[in-house]
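Colleague: After the sequence you'll find the predicted model.
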Amino acid sequence: MADAEPILVTAGIIIDGDRILVCQRYRSDSYGLQWEFPGGKVRDGEDLKGSLQRELTEELAIEADVGEEVFRLRHRYPDRYVEVVFFLVPAYRGTVRNRVFEAIAWVPRQDLATYDFLEADRELVKRIARGEIV
């Protein structure tokens, strides 16, 4: 596994004023009840922005305008190795509806660090809370 290519994942930073949308994984999922930014695995042949648009439609019932890439990282969990590419989502059409999560929440930027995020998201959360990103 040390030499394996990481699983490519996209995630969206969806903003509404000073609030950011975060999602809690189902308690029965791997890393259940931890928080994350919405998104998911990139399918073969899919471009990154298209992948995120598809995931946000599947997970939140919205048609997203995917903006610039704001952060990228690789993280090795005990059971998987991921490369996560985070994009700003400055606008979307439709009403956000939770289709696949335990819970979703609009969280003020300064409160993000109080949520139990997945390990891979924690550095980004710190940077957003400090106003360095977004």
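Modeller: Thanks, I have it. Residues are numbered from 1 along each chain as shown.
Colleague: who's in contact with the most centrally placed residue in the chain?
Modeller: With distances taken as Cα atoms, centre = their mean, Phe37 lies nearest the centre of the chain, 2.5 Å away. If you count contacts by Cβ atoms under 8 Å, 6 or more residues apart in numbering, Phe37 has them with 11-14, 21-23, 86, 121, 124. Heads up, the C-betas are built off the backbone N, CA and C, glycines and all.
Colleague: out of those residues, who has the most neighbours?
Modeller: Using other Cβ atoms under 10 Å as the contact criterion, the top neighbour count among the contacts of Phe37 goes to Gly12, which has 27 neighbours.
Colleague: Would you mind measuring from that one to Asp111?
Modeller: 19 Å (Cβ to Cβ, to the nearest Å).
Colleague: Glu5 too?
Modeller: Using Cβ to Cβ, one gets 35 Å for the distance from Glu5 to Asp111.
Colleague: just the strands in the chain please.
Modeller: All strands of the chain, identified by DSSP state E, fall at 7-16, 19-24, 35-36, 39-41, 63-65, 69-76, 81-89, 91-93, 103-108.
Colleague: Number of residues surrounding Thr114?
Modeller: 12.
Colleague: Pick the most buried one from the strands of the chain.
Modeller: For the strands of the chain, the largest average neighbour count (mean count of other Cβ atoms under 10 Å) is found in strand 35-36, namely a mean of 22.
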